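> just a sequence and a predicted model for now, questions to come.
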Amino acid sequence: MDEIENILINLKVLQSLQCHARLDTTESLFKIHTAASWVPAWVKRWWASQNRVTDIGRVRNLYSRASEHIGTDGDNGRMKEYLKLSLPGLINLKTTYNNDVTTAALIDVIIDNVNRLLS
């Protein structure tokens, strides 16, 4: 897969993110943690050295890479559409971290950047 496909897939994963779901950004393709009966999500995140700072950093990097491809690839409409459709997932992610003012503010900035890019 090329970089553009990875970006589009990760934006689709973010689009489907529900409130209080945990995002797994440890691999090139993002995943949503699924509950395993014998391993809680916090254990998986701890084992993978994953925390909200690293996750938000990778999400910021995803949106930065996506914005770099607007105006350069021949399919601008597709990238813009995926960015637009991912916004509800970002809002859900913000709800997940609403007790952490800094993380919520970082997500707000990402949302604002996407809205400015799309307008």
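That came through fine. Here the structure is a predicted model, which means the values were calculated and not measured. Numbering: from 1, shown residues only.
> which residues sit in contact with residue 19?
By CB atoms under 8 Å, 6 or more residues apart in numbering, residue 19 lies in contact with 92, 95, 96. Quick note: C-beta positions are derived from backbone N, CA and C, even for glycine.
> and those residues as CSV, adding neighbour count?
As requested, the contacts of residue 19 are exported to CSV (neighbours: other CB atoms under 10 Å):
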residue, neighbour count
92, 19
95, 13
96, 20
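> quick one: low-confidence ranges for the protein?
Along the chain, segments meeting pLDDT under 70 span 1, 34-50, 71-76.
> quick one: the helices in it?
Secondary structure of the chain, counting by DSSP state H: helices at 3-15, 41-47, 52-69, 76-96, 101-118.
> need these in JSON lines (columns: distance to residue 26).
JSON lines is the format used below for those (distance: least, CB to CB, whole Å):
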{"stretch": "helix 3-15", "distance to residue 26": "12"}
{"stretch": "helix 41-47", "distance to residue 26": "9"}
{"stretch": "helix 52-69", "distance to residue 26": "8"}
{"stretch": "helix 76-96", "distance to residue 26": "16"}
{"stretch": "helix 101-118", "distance to residue 26": "18"}
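> out of those, which comes closest to residue 28?
With respect to residue 28, and counting by CB to CB, the nearest of the helices of the chain is helix 3-15 at 5.7 Å.
> distance between the closest one and the chain's centre?
Its chain's C-alpha centre lies 9 Å from the corresponding centre of helix 3-15 when counted by CA atoms, centre = their mean, to the nearest Å.
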